[in-house]
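J.: Kindly return the folded structure for what I paste below:
(chains A and B)
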Amino acid sequence: MALTREQMAQRVAQELQDGFYVNLGIGIPTLVANYVPQNMDVMLQSENGLLGMGEFPTEETIDADMINAGKQTVTTVKGASIFSSAESFAMIRGGHVDLTVLGAFEVDVNGNIASWMIPNKLVKGMGGAMDLVAGADNIIVTMTHASKTGESKLLSNCSLPLTGKGCIKKVLTDLAWLEIEDGAFVLKERAPGVSIEEIIEKTQGKLVVPDHVPEMVFA
Amino acid sequence: MAGFDKVVTSYEDAMIGLEDGMTVLAGGFGLCGIPENLIAEIKRKGTTGLTVVSNNCGVDGFGLGILLEDKQIRKMVSSYVGENALFEKQLLDGELEVELTPQGTLAEKMRAGGAGIPAFYTATGVGTPVAEGKETKVFDGREYLMEEAIVGDFAIVKGWKADRYGNVVYRHTAQNFNPLAATAGKITVVEVEEIVEVGELDPAHIHTPGIYVDRVVLGTFEKRIEQRTIKTVA
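T.: Numbers count the residues shown, from 1 in each chain, chains lettered A, B, ... in the order given. Purely as a prediction, here's the structure:
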């Protein structure tokens, strides 16, 4: 079975480490915050200028001046800090964020990512995505393995305009955990019950399948 | 002894000197920390042909979105725009030009503009449409783009508290682009929720020192929320 959005978030959360500063993009990445292990301290960075993002406020504590990068009202955790957009992107570009999780339309075997622009559709903008992919060393891309019409999103060359070049090394799809090495996707894990054949069929870019590909384990 | 007194008593005085065709830098992220009354004053004045540099362009009927109603904006420099229908329409009709700029690059362009740095190199945007026509250079084996600084004829800024000398503090994440815009305006106008006596703000806690600020005006704010998200209590 393909992973649900919640399961994808759970799998990404297994990559968290105690003391990590993490930037989570919109969509599935946001859900990762729900699966931070109990015994672990993780600080969430929001690129509008907040390190230490907390949960949503109550009707009593809601504050128009306290939002996240998705423009949602939020709170802060103990030990949080707030700063300007330039400071925020200094952290990001300077490689100080330990883990960045974001969505994409396409990823290719050279680590290129396309996530912001579909030609002939209205372009709303890249927001902070280009800075995030250029600045972070440890990025996990979360997306479905193929489109609804069955087109692979794991390609030999991205077909859409890029968000960043040669910056992606780890991809979690609803079918598999893959890492990009030497111009190929290496199949590291598969979703429980998903066959290697299905993953091969839905991966357009070069795929390396090791002899043993374990199923993902969820607690 | 009034040499450092930046306070003006009306929004009309706050925006004196704004002319057609000027470049205006605006603080704010989404609708958070936007100089909503200074924007409203630009609408009232009817200034046109403006280039507006701001992370976003408001929504229909609020924030910078209201300047679209009478086609006062010629060009937007932003990282993310599509939150308003009127914006889309004017863009598709060719009445509005947009220069999409990565958010961190936009912030740094303002910071550099205020700091006397004409351009800088960043890895952001290399290999993407943002790189088209830009000079690149390799440092330590990695390719970087040259991005030029931005300076505005005006900067419009929303602060929380200011003293009469124009020292400003921001509230929570309403800080965002505001302190950057404040440094990069030839004329920087700050509207605030409260004007306090000189000496009342802790000097070590000032976000924007008064040297950057030309005018301070006291306002009242709607502070509209764009995405109202509340914790669901189980």
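J.: Can you give the distance of the helix or strand of chain A with the lowest mean pLDDT from its chain's centre?
T.: Every helix and strand in chain A was compared by mean pLDDT, DSSP states H and E; the lowest is helix A:28-31, with a mean of 92. Relative to its chain's centre, helix A:28-31 lies at 8 Å (C-alpha atoms, centre = their mean, to the nearest Å).
J.: List of residues touching the next helix or strand after that helix?
T.: Where DSSP states H and E defines the elements, the next helix or strand beyond helix A:28-31 is strand A:42-46. For strand A:42-46, contacts defined as C-beta atoms under 8 Å, 6 or more residues apart in numbering or on different chains pick out A:16, A:18-24, A:33, A:36, A:51-53, A:68-69, A:74, A:77, A:79-80, A:88, A:91-92, A:97, B:173. Where C-beta positions appear, they are placed from N, C-alpha and C, glycine not excepted.
J.: is residue 187 in a bridge, and if so with what?
T.: By default, I'm working from chain A. Residue A:187 has these beta-bridge partners by DSSP bridges: residue A:178.
J.: um, chain B though
T.: Beta bridges link residue B:187 to residue B:154, judged by DSSP bridges.
J.: Could you measure from it over to residue B:157?
T.: Distance, residue B:187 to residue B:157, by C-beta to C-beta, to the nearest Å: 11 Å.
J.: who's in contact with residue B:185?
T.: Residue B:185 is in contact with B:25, B:151, B:152, B:153, B:154, B:155, B:156, B:157, B:212, B:214, counting by C-beta under 8 Å, 6+ apart.
J.: Next step: these restricted to strands.
T.: Counted as lying in strands by DSSP state E, out of those, are B:25, B:152, B:153, B:154, B:155, B:156, B:157.
J.: ok, which pair from the residues you listed is furthest apart?
T.: Comparing all pairs in these by C-beta to C-beta, the longest separation belongs to B:153 and B:157, at 14.2 Å.
J.: The two: which has the busier surroundings?
T.: Set residue B:153 next to residue B:157 and count neighbours by other C-beta atoms under 10 Å in any protein chain shown: residue B:157 wins out with 33 against 17.
J.: Local confidence estimate at the more buried one?
T.: Here, the pLDDT recorded for residue B:157 equals 98.
J.: repeat for residue B:1
T.: Model confidence at residue B:1, given as pLDDT, is 54.
J.: same deal with residue B:85?
T.: Confidence at residue B:85, expressed as pLDDT, is 88.
J.: Please apply the same query to the one 4 residues further on.
T.: The predicted local distance difference test score for residue B:89 is 88.
J.: for it, phi and psi?
T.: Per-residue torsions, residue B:89: phi -60, psi -50 (degrees, to the nearest 10).
J.: Which strand residues bridge the most centrally placed residue in chain B?
T.: Closest residue to the average C-alpha location of chain B: residue B:26 at 1.9 Å, with C-alpha atoms, centre = their mean. Per DSSP bridges, the residues bridged to residue B:26 are residue B:156.
J.: sec struct for the residue of chain A most remote from its centre, please.
T.: Note on chain A: the largest C-alpha distance from the chain mean falls to residue A:60, namely 32.0 Å (C-alpha atoms, centre = their mean). Using DSSP: H, G, I helix; E, B strand; the rest coil, the secondary structure recorded for residue A:60 is coil.
J.: first to last residue in stretch A:119-138, what's the distance?
T.: One end of stretch A:119-138 to the other measures 29 Å (C-alpha to C-alpha, to the nearest Å).
J.: now do stretch A:80-100
T.: End-to-end span of stretch A:80-100 (C-alpha to C-alpha): 18 Å.
J.: again, but for stretch B:158-174
T.: First residue to last in stretch B:158-174 (C-alpha to C-alpha) measures 8 Å.
J.: what's the spacing between it and its chain's center?
T.: In terms of C-alpha atoms, centre = their mean, the centre of stretch B:158-174 is found 14 Å from the chain centre.
J.: And stretch A:104-112, by the same measure?
T.: On C-alpha atoms, centre = their mean, the centre of stretch A:104-112 falls 12 Å from that of its chain.
J.: same thing with stretch A:91-111?
T.: On C-alpha atoms, centre = their mean, the centre of stretch A:91-111 falls 7 Å from that of its chain.
J.: buried sites along that stretch?
T.: By neighbour count on 16 or more other C-beta atoms under 10 Å in any protein chain shown, the buried set for stretch A:91-111 is A:91-93, A:97-111.
J.: Please narrow those residues to those residing in helices.
T.: Residues of the buried residues of stretch A:91-111 located in helices (DSSP state H): A:91, A:92, A:93.
J.: Could you check the longest helix seen in chain B against chain A for contacts?
T.: Identified as the longest helix of chain B according to DSSP H is helix B:103-115. Yes. Judged by C-beta under 8 Å from any C-beta of the partner chain, helix B:103-115 comes into contact with chain A through B:103, B:104, B:105, B:106, B:107, B:108, B:110, B:111.
J.: Residue A:55: what's its closest spatial neighbour, skipping adjacent residues?
T.: In this structure, residue A:55 finds its nearest non-sequential neighbour in residue B:231, 5.6 Å apart by C-beta to C-beta, 6 or more residues apart in numbering or on different chains.
J.: which SSE is the one you found in?
T.: Per DSSP H and E, there is no helix or strand for residue B:231.
J.: who's in contact with it?
T.: Contacts of residue B:231 by C-beta under 8 Å, 6+ apart are A:55, A:56, A:57, A:58.
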